[in-house]
Structure formats: C-alpha cells, structure tokens
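Q: following is a predicted model, sequence given first.
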Amino acid sequence: MLGSFGIAVTTISLLLSLSLLYLSYYDLKLSSNRISKKIYKFSFLQILLTFLSFITLIMAYVISDFSLINVYENSHTTKPLFYKISGTWGNHEGSLLLWINILVLFSFLFLILDENKNKNFRLYTLIFQNILISTFLIFLLTNSNPFSLLYPVPTEGMGLNPILQDPALAIHPPLLYVGFVGSSIYFSIALAALITKVDSKSLATTIKPWVSVSWSFQTLGILVGSIWAYYELGWGGFWFWDPVENSSLMPWFLMTALLHSVLVLERRIGLYSWVIILSILTFTMSVVGTFLVRSGILNSVHTFANDPSRGLFILSFLALMVFSSIYIFFKYAPNENKNYKIFSKESFILLNNWFMIFFLAVVLIGTLYPVFLDTLTGQKISVGPPYYNFILAPFLLPLLFLMTSGPKHKWISPEKIGIFNIVLFIAVILFIIIFILIKESSILLLLILLFSTYLITQTIFDFFEKLKNKSINLSRIISHFGFGMLIFSISLNQIFSIEESFNAKVGDERSFKNYTIKFNNLETFSKNNFKSAKGYFEITDNKNSTSQNLTPEIRVYNKPETITYEASINTRLFSDSYLTMSNISSTDVFNIKFQKKPFMNFIWFSVLLISLGGILQFTRFRKKI
Amino acid sequence: MRKKYLVLLYSIAIFIFIVLYLSLGKNKVYTTQENIGKKLPEVELNYFDKNGEFSTKELAKFKFSLLNFWASWCGPCRKEHKHLVELSKNSNLKIIGVNFKDEKKKCFKVFK
C-alpha cells in the first residue's frame, strides 16, 4: 500500500519537475517582469509531493512494512523507533530520496527568497535546478527505487548494520547532504548568471548566503562523522584519510575557497569567472563524491554495496554535467581585467584560494590514484595518512600565516603592514612557554604550533577591537579562531598521544610509562538484539595517584550478524582515555589497546566554532536583506 | 585561444571518464587467488638468529617451501604453531617464518 503510494507520489514529483522545466522555459519568452504565478504553484506542489514521498518512506520504516524491499533489507521490528527512522537514509535508495528532497528544498527556497533578482536569471537557475531534480528522480525511479515491492511479504526484516545504529550517524547524512546538495543551487545560479550576464555584485549577493549555509552544514556533517568514527570504529583517531571521508573534504575545500572569493566579487574587484568555476566545481565534486561512494569502485568502511549500474548512471550524469558546464562556460564567460595589487586583501584571498585548490588536488590525487593505477596497470595500492601528512602539513604554515595577516589588509589599497607587531610578540612569548613545556623535537610541528598560536592571538586581538569598533566581521573572527584552535589542538594531540597495545587474560596487569592497567573481570550478557562480552579494567595513573574504570565491550549482533568493538572512553576536559578490546578466537586472551588522547574536546569544539562562523555570516546577510 | 583550452579540458575529462568507466566492473576485493602461479618477488630479509641475509634464491634447494608470516602479538599464529612444528618433520618441505611488525625481544619470549 505505502509502496504503491510512494511510487505514485514520486512519479508525480517527476512530472512536476518536467512541467517546471517547460514552464520556466516558456516564461523566459514572456515580456512580464515577474515570474508567472503558475511556476510558484508548481514549485509549491513539487516540494509538497517530494516531502510526502520521503515521509511515506519514513512511515514504511516506522510500521516495518516489509512489502518494500528497501525496508526489508534495512530494518527490523525490534529496532528502536529512532533507528527505524534514521534507517530511512542509512542505505543507498533512501539516502538518494533525501538527496532529491534537499535539491527540491533549495530550489524552492531560491524561488521564494531571491525575489528581487532579475527574472530571467531566476528562471534559468530554476531550469538548471530542475534538470538536476528530474535526472535524479529518473535515477531513483528506474534504478534505485526505495518503494520497490516484494512478494510474498516477509514477516521480519534483515536489520540495519549495528554500527549505523548510532545517534551521531543518524544526523550525519542529513547534515552532510545539506552541504553537498546545497551546493547544487549555486551550480545552477552560476550557469544561469553566465547565460543572462548578471553583474558581479548581483551574482555575489545571490550566492553568498547559499555558500555560507552549505559550507556550515558541510563542516558540521564532517564533524559529526569524525566524532562517530572516533568512538564507534575503535581506532582511536578522528580522521583516517579514508576515500569516503576525502569525498566530503574535497567539496569543503572548494566551498571554503568560494566563501572567500565571493567577498572579492561582492566588491566588484574581479574574480567573476573564478567564482563561476568554483561554483560549478563544488557541485561537480559533490557528485564525484557520490559516484565514488555509491558505485563501489572504492574500498572503504562506508561504501554502499557494489552495483556497477548505479555507478554507470551517476558517471553518465556526471559526464553530461561536466561537458555541458565546460561548454556553457567557454561560450558565455566574459573577459576580465585582472588587476590585483600585492598586499591588498583580495590578493591574500586569491592566495588562500590557491592553497585550497592545492589541498584539493592532493586529496583528489590520493583518492583517485589507486583507482587509476588498478584500472590501468592492475596494481593494487592504498594511499594512507603518511602521504597526506607529508604533503599537506608543511603547507599549513603559509596558510596559517595568510589567515593571520590577510584580514588586516585593506581592500584594493596596496598598503604594506609591518609583520612585526605586538600580536606577534605575544604569540612568540606564548609559543616559547609552550615549547619549554612540551619538549618536542619535530621542527615542523613546532612551527605549526607557533603559526597557529599567532593566528589565535591575532583573532583574540581582533575580537576586542570588534567590541570597540562594530564594523569588524565577527563570523570571520570566530571561524579563523576555530581553525587556529583546530590546528593547535591537533598538533598537541599528535605530540602527547600515548598508545599501548598488548594481550591479556582476566587478572593480568600491565605497566607502562606512568600507567598500570588491570584486567579485573569479564562479564557476558544478552540483550534484545545482541550478546556482549564486557571487560572491566582499572587504569591507574601512578604519577597523579588517580585511577579510573573503563569497560570496553565486544558485541555480537544477530540482525544482521555482526561483531562490533565498543570503545570505552573516559572524557575529561583536556584528555580522553580510550580503551578497546578484541578477542583472539578460541582463546581466553584478549588484545587490549589503551590510548591517551589529549585535546579531543578542543578539536571538536574548534570545528564547531568554524561552522558557527558560517552560520553567523548567513544570518548577517539575511538581516541585510 | 579559448578553443585550445576547450579541447584540452575536454580531452582530460574524456580520459578521466574512460578510466572511471573501466574501473566500474572491476573486482575491488584483494584476494590471494590472483597470485597463484606467479613467481615470488626477490626479497632480502635479515636472519633472525644468525648474521647475514636470506634471499629467496635459497628456496630453490627445496621441492616445497612454506613462508609463514607471524608475530608475537598474533593470536592465530600461536595457535597454528604446533601444526607448523608437525609439518616441519617432512623433509621435502622447508618452512620459513617471516616475523612481521614485531619487536625482537617479544619474539624471543615466544620461543621460550
């Protein structure tokens, strides 16, 4: 019942999108200055029906309607309600429907919020956006239909992968999708701007809020994914340079570059074509990410099941998108005068952009190189953290310096500002104190610490200046402060992390550095959907004479049958204690891994600050309107 | 000038898309099956209990060889040890243990 209803509603959504394409095209020829009422009505219906199709799928999950293959394959009656709902987007088909919902939401919001813009510009944007919506709806209905029916109807479902049954992972995809898919609107805007020759100020003011909002959500999505990986996957790290993580980071680099370039464009100093290229590239990179995750060409912890037909569809769509965007760009891009003064704010922003593009290139090559090598030569390799750390870390130094120095410069004016000032002096003093305290010998890490201290000190100074002088941009201060804090905390985390791995039986004791770990007890118990072996450990810090109890678990879930290793984490303000255990088959010996992870809270909090800056930028902009 | 860039960009894009297309049907799971019938690559390893280096050429002296990768931290390795000792009684077979990602001190402990 729900399945047929879902298919009907989604098909009508597709028809509405196709009608909107026709209506927008037809409206272009009319002489009126306003977009016809019909388009508004159709758009409203489109968003209503797309939402309805998504709610239908959620309902099917809530009532465990196993007549839908999608619900049968990814849900189970004993699953808690919260995870039944979040399970809706925990699979390829359901998450694709969420994708489409966000595409439609952004299309609708653009139509009703940007009313004061040029009519044809808005219509072309709608056309491009509806091409995207229609294509994805066709993909959904023909290849990845979440409403596909199953007969005879099974009485029980196969369940959701237990590692996905987690609050952080329930909100991770929607957050990331607002970022990813939100970039579609400025992709459409950029192409429409080229065709209708919209001026730079107008283009900048149109895309700026969309870039801020998608950037903030992308940042939050990445943060929540990292937190999940940290406590759920049991590796004790927060970023693994996994190809799928990289897929979310690549559009983020482009969004960051775009967020900054728009500021230049807004002041009519140039970068018109560059902003267009970045807007096109950001969404393209989001689709590339989707292709990599869903086609199964990568081996990763979170790729969906391998299905080449899906990959072929997305790849064809991607090719069409890339070739037509390049064509439109070359046909319509205006010639620009590039006249940037060195030491002006815009030249610093341009440099920041080049850094972002460099980071993007490094991550893109690292992600795709194994795929290319395997296809062209048959050789299988994996590119891991050493590659990324080796190439990216040194470039953080000039980037941190640019972030500190750039905002102090003025627009257009090539005024030189002395590098040596009171802020640098204080930063150096702080750094010397840190240097004495940490006794670190890696010069690169020390320099990164120095430059991040400089950025943090500078933004604190800027904040106090903001209190006196209201004109300073608070969103920039918060984001830059967050970034400085992030790099600072990651560096200290690298320096002070302790890791000890050993095998132990119940009753064993292990001493290393200042710690003693005692394996006190092992308890097994059964719950509704899993069996668990829980270890009781006492960790004594011999230096401070304190002790704490940690209880890692090994869980065996029955639907679907999966073993998970639940880390036990004791979070303190400055440091986390992290313990995992894994069994060695047919023995009573367990492999124990203890980690001391300093400044984890600071890492999470600084990413939150970075994202907050984007949200503030968005609200500031909306107030102006 | 623009046309030149357009052709260049299209060519790069076409190349990337062809490679991605070809990669779609490939099996991404690494299996040792593919190595059956292949020659052992030339490697040089230090002997554990005596000076000098071991070369794979030495294996030619035996009819069958078994290279077993092991470590002191590896549970399954401990379990299979007794089976390897049993197998080592066969004079046609040369068993070579390759110690992997381990500390020398801990390895000697295992031997005791």
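A: Right, received. Where do you want to start?

Q: ok so A:Arg510 is a strand residue?
A: Yes: counting by DSSP: H, G, I helix; E, B strand; the rest coil, A:Arg510 is part of a strand.

Q: name the SS class of the nearest residue to it once chain neighbours are set aside, please.
A: Once flanking residues are discounted, A:Arg510 sits nearest to A:Ile517: 4.9 Å by C-beta to C-beta, 6 or more residues apart in numbering or on different chains. Where C-beta positions appear, they are placed from N, C-alpha and C, glycine not excepted. When classified by three-state DSSP, A:Ile517 comes out as strand.

Q: isn't A:Ile517 up against A:Phe594?
A: Yes: when contacts are counted by C-beta atoms under 8 Å, A:Ile517 is listed as touching A:Phe594 (5.8 Å).

Q: can you get me a residue count around the residue nearest to A:Arg510?
A: Neighbour count of A:Ile517, defined by other C-beta atoms under 10 Å in any protein chain shown: 20.

Q: for it, give me its contacts.
A: By C-beta atoms under 8 Å, 6 or more residues apart in numbering or on different chains, the contact set of A:Ile517 is A:500, A:504, A:509-511, A:537-540, A:579, A:592, A:594.

Q: among those, which are in strands?
A: Within the contacts of A:Ile517, membership in strands is found for A:500, A:504, A:509-511, A:537-540, A:579, A:592, A:594, as judged by DSSP state E.

Q: which among those residues end up buried?
A: Applying 16 or more other C-beta atoms under 10 Å in any protein chain shown to the ones in strands among the contacts of A:Ile517, the neighbour count classes A:504, A:510, A:537, A:539-540, A:579, A:592, A:594 as buried.

Q: between those residues, which is nearest A:Ile39?
A: A:Leu579 (58.7 Å; C-beta to C-beta).

Q: that closest one touches A:Phe590, doesn't it?
A: No: with contact defined as C-beta under 8 Å, A:Leu579 does not reach A:Phe590; the gap is 11.1 Å.

Q: contact partners for the closest residue to chain A within chain B?
A: Nearest residue of chain B to chain A: B:Gly75, at 2.9 Å (C-beta to the nearest C-beta). B:Gly75 makes contact with A:503, A:584-585, A:587, A:589, A:591, according to C-beta under 8 Å, 6+ apart.

Q: among the residues you listed, the buried ones, what's the PyMOL command?
A: A single PyMOL command selects the buried members of the contacts of B:Gly75 (16+ other C-beta under 10 Å):
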select buried, chain A and resi 503+584+591
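
Q: report the two of the contacts of B:Gly75 separated the most.
A: A:Asn503 and A:Ser585, at 13.0 Å, using C-beta to C-beta across the contacts of B:Gly75.

Q: three-state assignment of A:Ile349?
A: When classified by three-state DSSP, A:Ile349 comes out as helix.

Q: distance check, it against A:Val275.
A: A:Ile349 sits 11 Å away from A:Val275, going by C-beta to C-beta, to the nearest Å.

Q: what do those two both touch?
A: A:Ser261.

Q: for stretch A:58-76, buried residues please.
A: For stretch A:58-76, a neighbour-count test (16+ other C-beta under 10 Å) marks A:58, A:60-61, A:64-76 as buried.

Q: intersect those residues with the contacts of chain B.
A: Cross-checking the buried residues of stretch A:58-76 against chain B (C-beta under 8 Å from any C-beta of the partner chain) gives no overlapping residues.

Q: please list the members of those residues that lie in strands.
A: Judged by DSSP E, strands contain none of the buried residues of stretch A:58-76.

Q: can you pull the contacts of the residue lying closest to A:Val224 once chain neighbours are set aside?
A: Excluding its sequence neighbours, the residue lying closest to A:Val224 (C-beta to C-beta, 6+ apart) is A:His172, at 4.6 Å. Contacts for A:His172 were tallied using C-beta under 8 Å, 6+ apart; they are A:221, A:224-225, A:228.

Q: could I get these as CSV with pLDDT and distance to A:Val288?
A: Below are these laid out as CSV (pLDDT from 0 to 100; distance: C-beta to C-beta, whole Å):
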residue, pLDDT, distance to A:Val288
A:Gly221, 95, 17
A:Val224, 94, 22
A:Gly225, 91, 18
A:Trp228, 88, 23
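
Q: quick one: which of the residues you listed is nearest chain B?
A: Ranked by distance to chain B (C-beta to the nearest C-beta), the contacts of A:His172 are led by A:Gly225 at 22.0 Å.

Q: separation between that closest one and A:Ser67?
A: In terms of C-beta to C-beta, A:Gly225 sits 33 Å off from A:Ser67.

Q: again, but for A:Leu150
A: Distance, A:Leu150 to A:Ser67, by C-beta to C-beta: 6 Å.

Q: before we move on, what about A:Asn116?
A: Using C-beta to C-beta, we find A:Asn116 at a distance of 48 Å from A:Ser67.

Q: what does A:Leu126 give?
A: Counting by C-beta to C-beta, the separation of A:Leu126 from A:Ser67 is 36 Å.

Q: need the residues of chain A near chain B, please.
A: For chain A, the residues in contact with chain B (C-beta under 8 Å from any C-beta) are A:291, A:295-299, A:306, A:308, A:311-312, A:315, A:318-319, A:322-323, A:326-327, A:330, A:371-372, A:374-376, A:380, A:501-503, A:584-587, A:589, A:591.

Q: name the next helix or strand downstream of whatever helix or strand A:Gln129 lives in, please.
A: Assigned by DSSP states H and E, A:Gln129 belongs to helix A:119-142. Downstream of helix A:119-142, the first helix or strand assigned by DSSP H and E is helix A:167-196.

Q: what average pLDDT does that following helix get?
A: Across helix A:167-196, the average pLDDT comes to 93.

Q: buried residues in the helix or strand just after that helix?
A: Once the chain leaves helix A:167-196, the next helix or strand it forms, by DSSP H and E, is helix A:200-232. Residues A:200, A:202-232 are the ones in helix A:200-232 that count as buried (16+ other C-beta under 10 Å).

Q: show me the contact partners of the lengthiest helix in chain B.
A: Counting residues, the longest helix in chain B under DSSP state H turns out to be helix B:2-24. For helix B:2-24, the external contacting residues (C-beta under 8 Å, 6+ apart) are A:291, A:295, A:297, A:308, A:311-312, A:315, A:318-319, A:322-323, A:326-327, A:330, A:371-372, A:374-376.

Q: kindly recompute the last result at 10 Å.
A: With C-beta atoms under 10 Å, 6 or more residues apart in numbering or on different chains as the contact definition, helix B:2-24 has outside contacts at A:288, A:291-292, A:295-298, A:306-312, A:314-316, A:318-319, A:322-323, A:326-327, A:329-331, A:333, A:335, A:368, A:370-372, A:374-376.

Q: just the residues you listed: which are in strands?
A: Among the contacts of helix B:2-24, none falls in strands (DSSP E).

Q: which of those residues are buried?
A: The neighbour count (16+ other C-beta under 10 Å) marks A:288, A:291-292, A:295-298, A:306-308, A:310-312, A:314-315, A:318-319, A:322, A:326, A:329, A:368, A:370-372, A:374-375 as buried among those.

Q: so A:Phe5 is in which element?
A: Secondary structure from DSSP H and E places A:Phe5 in helix A:2-28.
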